[in-house]
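Enquirer: Sequence first, then the predicted structure:
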2 protein chains.
Amino acid sequence: MKPTEKADMKYTNQRVEILDFLREHEGHPTVDDVYDGVRKKLTRISKATVYKNLKFLTEKGLLEEVNVKGVSRFEANFIPHHHLICRECGMMEDFNSEQLLDYSMKIAEEIDGFTIVSTSTNFYGICKKCKECKEKT
Amino acid sequence: MKPTEKADMKYTNQRVEILDFLREHEGHPTVDDVYDGVRKKLTRISKATVYKNLKFLTEKGLLEEVNVKGVSRFEANFIPHHHLICRECGMMEDFNSEQLLDYSMKIAEEIDGFTIVSTSTNFYGICKKCKECKEKT
DNA sequence: GTTAATGCAAACCTTTTGCAAAACA
DNA sequence: TGTTTTGCAAAAGGTTTGCATTAAC
């Protein structure tokens, strides 16, 4: 937990560990991933606490939430980026393109009646693994 | 139901009504929206049937599924497009930009190990309604 | 000391599943 | 007729909530 980010909230062990976990794991962890990870340090933490904190921290703007196939995933990454999403297995990977961000935001500026804060492009397709699997059959 | 689209499947009343409903309602209906809509014509349809068909039709490629705030929404719109999503109320609106699609697909072609089929950019922000609401307080 | 957060269990909501009956091709 | 689909109810996730206890400030 960096001292620079003193948001208006109580810094409980649970909250700090959840934030730290997400900052150390970039792979879009699910709630269960966070729960399992944090439980290694705080063995008595409850899943409800994880849920409550993930929601709280998302509302505070400290986390981003994405939903793939009905499951919430979280990230503490503040650099805007895009996603590669596999239509087969739901696998999700970050993908960076400064150009595309710039381009999207330029288009966003021209939209009326909607104040755009951020953009994110999802690239849907088939990942290497699933493609190889399919070719075998 | 257009006769041009004879996919390899049985055309039950339920299935046809679900497809027709989605073709007539462009506002990203939820499962419940579809259920309520279709039930006006087929009063005895079950929600399980709606679920099964939405999944089936999505796998057949006749529908697109998007997930906002943990709830699935469906569309029968085959023209690729983008979305304006309100961070406050979850409201979702279509947004078209041929330029952005072209640009994204051009970038997609350069991605290794992932076969990109389509792209979709989400513009996150605050809709007019929510903005006015917030300004009042 | 006051306020906010935790942990537990129960509740909730969305989605899936199993299976006998019915509908389609 | 053979196969797929339906409808019902039950189950299975994922997520939220209520409330007494505990921790933070």
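Expert: Structure received.
Enquirer: so where does residue A:105 fall, helix or strand?
Expert: helix A:98-108 (DSSP states H and E).
Enquirer: buried set for that helix?
Expert: A:100-101, A:103-104, A:107-108 (16 or more other Cβ atoms under 10 Å in any protein chain shown). (C-beta placed from N, C-alpha, C; glycine too.)
Enquirer: quick one: residue A:62 and residue A:16 touch, right?
Expert: No. Applying Cβ atoms under 8 Å, one finds residue A:62 not in contact with residue A:16, separated by 11.4 Å.
Enquirer: quick one, which of these two is more surrounded?
Expert: Set residue A:62 next to residue A:16 and count neighbours by other Cβ atoms under 10 Å in any protein chain shown: residue A:62 wins out with 19 against 14.
Enquirer: quick one: the more buried one from residue B:22, how far?
Expert: Per Cβ to Cβ, to the nearest Å, residue A:62 is found 37 Å from residue B:22.
Enquirer: Look up which residues are beta-bridged to residue A:66.
Expert: Note on residue A:66: beta-bridge partners residue A:73, judged by DSSP bridges.
Enquirer: For it, give me its contacts.
Expert: If you count contacts by Cβ atoms under 8 Å, 6 or more residues apart in numbering or on different chains, residue A:66 has them with A:28, A:72-75, A:83, A:92.
Enquirer: tell me the least confident of those?
Expert: Among the contacts of residue A:66, residue A:92 has the lowest pLDDT, at 79.
Enquirer: for that one, what are its contacts?
Expert: Counting by Cβ under 8 Å, 6+ apart, residue A:92 touches A:28, A:66, A:68, A:73, A:83-86.
Enquirer: tell me the angle of the top strand by length along chain A relative to helix B:98-108?
Expert: Secondary structure of chain A read by DSSP state E shows that its longest strand is strand A:114-127. Counting by axes from the mean of the first three to the mean of the last three Cα atoms, to 10 degrees, strand A:114-127 lies at 40 degrees to helix B:98-108.
Enquirer: neighbouring strands for strand A:114-127, and are they parallel or not?
Expert: Here strand A:114-127 is paired, per DSSP bridges, with strand A:82-86 (parallel), strand B:114-127 (antiparallel).
Enquirer: Mind listing what's buried along stretch A:112-132?
Expert: For stretch A:112-132, the neighbour count (16+ other Cβ under 10 Å) marks A:114-116, A:119-127, A:130 as buried.
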